[in-house]
Each structure stands twice: as structure tokens, then as C-alpha cells.
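> Give the three-dimensional model of this entry:
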Amino acid sequence: MEVNWPERFYCRSFVRKIAQWREVGYFRATHPIPAGARVLEIGCGDGGGAGIFARLFQPGLYHGLDVDPAMIQVAARRPKEGPLAKSLFLLGDAERLPYADGAFDAVVNFGIVHHLPDWRKGVAELARVLRVGGAFYFEEIYPPLYANPLFRVMLAHPRKDRFHGPEFRAALAGEGLTLLPGFHESRLFILGVARKTARP
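As a prediction, the model looks like this:
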């Protein structure tokens with residue numbers, strides 16, 4: 001589902017970009033991928049995270065996908081040069097990814113899975129398009145952060161079948177995604193890298 005205006009404002013803010021720089025630095029230190037890799041970002045928003053990820057990882061191909069036409073228009077205006085020389089930003093649904101099985105070496109998620117009405121299907125889809133040996137780089141937040149009494153009113157999120165840590169980690173494992181050591185988790189969020197080590 002599309003984010004509403006307060007979350008869209010935050011996603012485009014300088015504060016969010018600082019957080020993404022730190023997260024991508026952690027991703028790279030935890031599990032680098034070869035230069036020239038094929039990367040998909042689900043929920044790419046305005047493409048800010050794409051620019052950061054591409055600068056540190058130097059992928060050969062970067063696709064960003066989002067359900068919000070306005071955000072895709074902003075992302076598509078980013079200069080096609082340097083790390084994003086081979087990038088494409090397109091309208092699409094993370095629950096129905098328009099790619100073949102094993103199409104990507106890496107999938108990136110900056111807090112999008114919890115926005116999906118059928119989040120399990122989203123996890124299954126990102127695992128499907130990730131090749132065996134590929135990496136899933138993710139930041140996710142849990143209901144105590146986005147569904148507390150204040151943010152429940154301010155932010156637009158699905159209300160049913162939400163996940164906490166055990167459910168999210170179990171869904172990853174069920175799709176053949178193995179969490180690498182060093183992930184960070186609290187009752188509010190998880191930041192980690194999972195490697196596709198087996199076919200479910």
C-alpha cells in the first residue's frame with residue numbers, strides 16, 4: 001500500500017538519508033556483493049536509498065520498484081550517471097514482482113515489507129527473484145514502533161496479520177533465507193542481511 005503524506009515527508013527527509021547511509025554501511029560491512037551485481041529494491045520511494053546503495057556497492061544493474069506513481073516520477077528523474085548509470089525505476093507491486101525466478105543477486109528493503117497487506121507473499125516473492133547465494137538486505141520495523149497509539153493515527157499501515165521478530169524471522173527461514181551473524185534486533189526493529197542458501 002502507498003504511504004501517506006507524513007511518511008512520504010519522512011522518507012524524503014535528510015534524517016532518513018542519514019539513517020540509510022548508516023544502514024548501507026552496515027550492509028556492506030556484513031556481506032559485500034561483487035561489483036556488477038544485479039540489484040532490486042522493493043519500495044524504492046524517491047530513489048534516495050538507491051543512490052546510496054549503488055554508490056557503496058557499485059552494482060551493474062539497479063531496479064527500483066514502488067506502488068506510488070508520484071515517488072517513481074521523482075526517482076526516475078535522478079541522473080543516469082555514475083553508480084546509477086544502469087538503473088531503472090518502475091511502478092510495481094512487491095507482492096507480484098514482474099521478474100523471473102533468480103533474476104537478481106541482491107534484493108534491498110528499506111522498511112517496506114510491513115506495508116504489504118500480504119507480507120508473507122512479499123517475502124516469498126523477493127526470495128523467488130533472488131538467486132541461490134544472493135543476499136537480501138533489509139531494515140524492518142515492528143508494530144510497537146508504527147502501531148502505537150500516536151503513530152497508529154498518523155501513519156497508514158495495514159492493521160491485520162502484522163509481524164513481530166519471531167514471525168518475520170520464521171518467514172525468512174521458510175523461504176530459504178538464512179540470517180547472517182551480526183544482525184541487530186530489538187522489540188521495535190530489525191536490521192540484517194539474509195543469504196539465500198536453499199530452495200524452499
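> State the pLDDT value of Leu145.
The confidence metric pLDDT takes the value 80 at Leu145.
> Which helix runs longest in this protein?
With residue count as the measure and DSSP state H as the assignment, the chain has helix 14-30 as its longest helix.
> next structured bit after that one?
strand 38-42 (DSSP states H and E).
> So what touches the longest helix of the chain?
Applying C-beta atoms under 8 Å, 6 or more residues apart in numbering, the contact partners of helix 14-30 are 10, 48-49, 52-53, 56-57, 110, 137, 139, 180, 182, 184, 191-193. All C-beta atoms are positioned from the backbone trio N, CA, C, and that covers glycine.
> Report the buried residues of it.
Neighbour-count burial for helix 14-30, counted by 16 or more other C-beta atoms under 10 Å, picks out Arg16, Lys17, Ala19, Gln20, Trp21, Glu23, Val24, Tyr26, Phe27, Thr30.
> ok, now stretch 111-124?
The neighbour-count check on stretch 111-124 (16+ other C-beta under 10 Å) flags Gly111, Ile112, Val113, His114, His115, Leu116, Trp119, Arg120, Gly122, Val123, Ala124 as buried.
> And it, end to end?
Across stretch 111-124, the straight-line distance between its terminal residues is 16 Å, by C-alpha to C-alpha, to the nearest Å.
> all helices of this structure, in order?
5-11, 14-30, 48-57, 69-76, 119-129, 143-146, 149-154, 165-174.
> residues contacting Lys86?
Here Lys86 is in contact with Pro59, Gly60, Leu61, Tyr62, Lys80 (criterion: C-beta under 8 Å, 6+ apart).
> Which ones among the residues you listed lie within strands?
Among these, DSSP state E puts Leu61, Tyr62 in strands.
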